[in-house]
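Peer 1: coords please:
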Amino acid sequence: MSRKGGEVSMAATVFFPDLEALVMHFLDILHESKRLTWHDGLIPESQIWLKLGGDHGGGNFKLSIQIANTENPNATNNTIPVAIFCEKDTPANLLTALGQYRSQVEKLQQSCWRLKNIILFLFGDYEFQTTNYGLSGSGGVRPCLHCHCMKKEMAQPADSRAEVDSRPRTLATLTEDYEKFSAAGLNLSQAKQFNNVIRQCILPIPISNVIIPVLHLDLGIFTWMFEALRKDLHQLDILMASKCAETGDDSTTFTRLCTLQRDLCVKEQKAVHATNQVQAVNHQLQYVALFAQQQAGAPDVVTVLTHLQQLHATATGTLKQLNDQRAAIQQQVTKTGASKDFTGPCVSLLEPTLQKHNIERQAYHGGAFIGNHVHQALKPTMVPAICSCHVEMIEKRCPQLLQEANTVASRYSHLMTSYANCRAVFSRCTPVSDEDLLLLKSNIRRFLELCRAEVSRQRFGPHYSKVTPPGGAHPTLPMVARLRVGLGLLAEQGAESLHSSMNTLNALFKNIPSELARLKAVAQQHLLTTTKEANQLRPQAQQRKRKSEEQRPS
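Peer 2: Reported below is the predicted structural model:
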């Protein structure tokens with residue numbers, strides 16, 4: 001599907017037609033160059049671990065494969081692009097481009113290399129994972145890929161949930177749910193009755209081998225904690241304004257701005273939800289129009305499309321109404337002489353504190369954090385600096401609120417430190433011992449208790465983006481316990497770094513007019529970097545010798 005109005009059009013695509021032959025070829029190369037490793041028994045000697053996954057970035061989607069039996073499994077030169085297409089990773093586009101690999105993935109998981117079994121894992125952000133397995137996404141009633149737990153029950157401890165909600169998802173349950181959904185007419189409004197399974201699985205890798213996206217989990221959870229801290233500091237700013245009013249200072253304008261900002265935030269959150277609904281309906285429209293009629297026993301496609309178009313019109317109308325309301329509030333903010341992003345003195349201290357420690361949020365991506373930011377911010381010396389940045393200012397300007405300021409600092413210091421203790425175990429690439437597992441279990445329990453305390457305050461519910469698993473800590477412990485290694489070994493860092501590498505190569509071939517020819521040249525050039533022998537044959541760039549000033553003719 002094209003980006004322009006959802007019309008069907010051709011997109012530049014390059015791919016390897018035989019996945020198994022590609023894997024066996026690279027395993028032979030690694031074997032001959034003596035670069036295969038089992039990480040001192042971390043991987044069983046009878047197994048080869050492969051990572052297959054995808055991600056969209058740099059204007060195209062890349063499906064890549066990595067061999068974990070190497071010294072640096074997440075290195076860019078160990079990341080082999082299998083398929084690349086220059087479009088968004090919508091369900092229809094993914095099925096069109098990757099559907100050819102469905103049977104190949106099944107065959108690869110049953111094959112052997114030199115009498116060693118191939119074990120295939122799936123990596124990628126949460127949106128890619130749920131799309132691959134046919135779920136409606138993180139906004140569904142049952143959004144978890146690993147179990148049938150409902151979103152409203154995720155705040156409850158696992159042992160207090162209903163038995164039916166704790167059932168694990170499998171490829172068999174996904175197939176069964178989709179067949180029932182299809183037989184019921186592919187009605188998107190009834191998706192929750194079929195455990196939010198609305199499409200067929202694309203790459204049938206067992207769900208037990210789906211790796212928690214620890215990089216995106218870090219980003220999602222840290223962003224939630226940071227925004228929660230920001231909102232609490234905003235409440236302190238409001239309290240400071242009220243205290244100033246008691247002493248005779250004029251705080252009417254600031255209080256009015258706070259009210260408008262709160263209303264604007266509510267409308268923006270609703271608008272994001274409405275935008276996701278419009279996008280979900282669009283994706284289902286594309287999928288049904290292109291593929292539903294090809295499936296045996298499919299309902300009348302015209303009826304389904306008519307229903308989806310009605311849902312799309314309703315969702316679009318809701319979104320337009322919310323955008324109009326946001327514009328009206330923004331006009332009121334403008335009349336006060338302030339921007340919509342105005343902040344009080346406490347909130348204003350957050351960004352300088354981050355920048356002081358070399359944490360620069362991405363200006364062109366909504367002020368988003370990156371993985372290195374999270375790693376830096378959760379260091380033991382950084383957590384108190386972030387969480388207590390406002391205390392000294394409160395003590396000087398409004399001592400009456402010092403106790404509340406210390407309470408906020410202590411709350412978020414404990415919350416961030418607790419998560420830092422969790423990620424220190426599950427995000428690493430080294431073996432995990434029994435003692436580590438006990439420590440991880442205790443740390444996860446403590447962190448979830450603190451999270452539920454935040455939810456019970458009914459002010460900051462845990463916000464997980466579309467790339468972050470809801471209740472992400474739930475399947476982490478059993479996965480680490482089964483693999484006996486931190487999930488960093490099998491996570492998505494390699495695919496993320498692939499974007500930067502291929503963007504650099506794309507700049508080298510920018511003069512090739514054909515998008516397809518340019519994409520093919522980039523893929524071939526990157527493929528050369530994945531073999532040590534090719535790198536050795538590449539001539540080294542030599543620095544040109546320059547004559548000294550004395551040797552130059554006058």
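Peer 1: from now on I want contacts and neighbour counts done on CA atoms only, so please keep to that.
Peer 2: Noted.
Peer 1: give the full set of residues in contact with the residue lying closest to N69 once chain neighbours are set aside.
Peer 2: By the measure of C-alpha to C-alpha, 6 or more residues apart in numbering, the closest residue to N69 outside its immediate chain neighbours is T37, 5.0 Å from it. The contact partners of T37, taken as C-alpha atoms under 8 Å, 6 or more residues apart in numbering, are 69-71.
Peer 1: phi, psi of T37?
Peer 2: Here the main-chain torsion angles of T37 (degrees, to the nearest 10) amount to phi -140, psi 150.
Peer 1: quick check: it vs A495, distance?
Peer 2: T37 sits at a distance of 21 Å from A495 (criterion: C-alpha to C-alpha, to the nearest Å).
Peer 1: low-confidence ranges in the stretch 301-450 of the chain?
Peer 2: When residues are selected by pLDDT under 70, those of the stretch 301-450 of the chain lie in 336-342, 362-367.
Peer 1: quick one: secondary structure of L52?
Peer 2: Classification of L52 by DSSP: H, G, I helix; E, B strand; the rest coil places it in strand.
Peer 1: for the nearest residue to it once chain neighbours are set aside, name its beta-bridge partners.
Peer 2: Computed as C-alpha to C-alpha, 6+ apart, the closest residue to L52 that is not its neighbour in sequence is I65, at 4.5 Å. Here I65 shows beta-bridge partners L52, I80, assigned using DSSP bridges.
Peer 1: neighbours of I65, just the number please.
Peer 2: 26 (other C-alpha atoms under 10 Å).
Peer 1: need the buried ones from the contacts of T37 selected in ChimeraX.
Peer 2: Here is the ChimeraX command that selects the buried residues among those (16 or more other C-alpha atoms under 10 Å):
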select :69,70
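Peer 1: tell me which of the contacts of T37 is nearest to I207?
Peer 2: Here the nearest of the contacts of T37 to I207, counting by C-alpha to C-alpha, is N69; it sits at 21.4 Å.
Peer 1: tell me which residues touch that closest one, please.
Peer 2: N69 makes contact with 36-39, 43, 48-49, according to C-alpha under 8 Å, 6+ apart.
Peer 1: mind redoing it with 7 Å?
Peer 2: When the contact criterion is C-alpha atoms under 7 Å, 6 or more residues apart in numbering, the partners of N69 are 36-38, 48-49.
Peer 1: with secondary structure, pLDDT and distance to I29 added, can I get these in TSV?
Peer 2: Converted to TSV, these look like this (DSSP: H, G, I helix; E, B strand; the rest coil; pLDDT from 0 to 100; distance: C-alpha to C-alpha, whole Å):
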residue	secondary structure	pLDDT	distance to I29
L36	coil	93	9
T37	coil	93	13
W38	coil	94	16
I48	strand	96	14
W49	strand	96	16
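Peer 1: so which of the residues you listed is the most crowded?
Peer 2: In terms of neighbours by other C-alpha under 10 Å, the contacts of N69 top out with I48 at 21 neighbours.
Peer 1: just list whatever residues bridge to it.
Peer 2: For I48, the beta-bridge assignment (DSSP bridges) gives partners I118.
Peer 1: separation between R326 and D263?
Peer 2: Here the criterion is C-alpha to C-alpha. By it, R326 lies 9 Å from D263.
Peer 1: the more surrounded of the two?
Peer 2: Higher neighbour count among R326 and D263: R326, with 18 against 14, using other C-alpha under 10 Å.
Peer 1: you'd agree that one is in a helix?
Peer 2: Yes. R326 sits within a helix when classified using three-state DSSP.
Peer 1: could you measure from it over to Q269?
Peer 2: Looking at R326 against Q269, where the rule is C-alpha to C-alpha, the gap reads 11 Å.
Peer 1: next: Q200.
Peer 2: Relative to Q269, and taking C-alpha to C-alpha, Q200 is found at 30 Å.
Peer 1: so those two - more neighbours on which side?
Peer 2: Q200 (21 against 12).
Peer 1: ok, the nearest residue to that one once chain neighbours are set aside - contacts?
Peer 2: With sequence-adjacent residues excluded and distances taken as C-alpha to C-alpha, 6+ apart, Q200 is closest to G134, at 5.2 Å. When contacts are counted by C-alpha under 7 Å, 6+ apart, G134 touches 197-201.
Peer 1: quick one, strands of this protein?
Peer 2: Listed in chain order, the strands found in the chain under DSSP state E are 13-15, 47-57, 60-67, 79-85, 112-113, 116-124.
Peer 1: need the residues that contact the fourth one.
Peer 2: By C-alpha under 7 Å, 6+ apart, the residues outside strand 79-85 that reach it are 11-16, 60-66, 494, 527.
Peer 1: report the contact partners of R326.
Peer 2: Each residue near R326 by C-alpha under 7 Å, 6+ apart is listed here: 264, 267.
Peer 1: for Q332, see how far away it is.
Peer 2: If you go by C-alpha to C-alpha, the gap between R326 and Q332 works out to 10 Å.
Peer 1: now do E404
Peer 2: Using C-alpha to C-alpha, which is the criterion applied here, E404 is 31 Å from Q332.
Peer 1: do A12 as well
Peer 2: As it turns out, when the distance is counted by C-alpha to C-alpha, A12 lies 47 Å from Q332.
Peer 1: thought the residue nearest to L52 was touching D55?
Peer 2: No. With the criterion set as C-alpha atoms under 7 Å, I65 and D55 do not qualify as a contacting pair; they are 11.6 Å apart.
Peer 1: low-confidence ranges in the stretch 51-200 of the chain?
Peer 2: Within the stretch 51-200 of the chain, the segments meeting pLDDT under 70 span 155, 158-159, 161-166.
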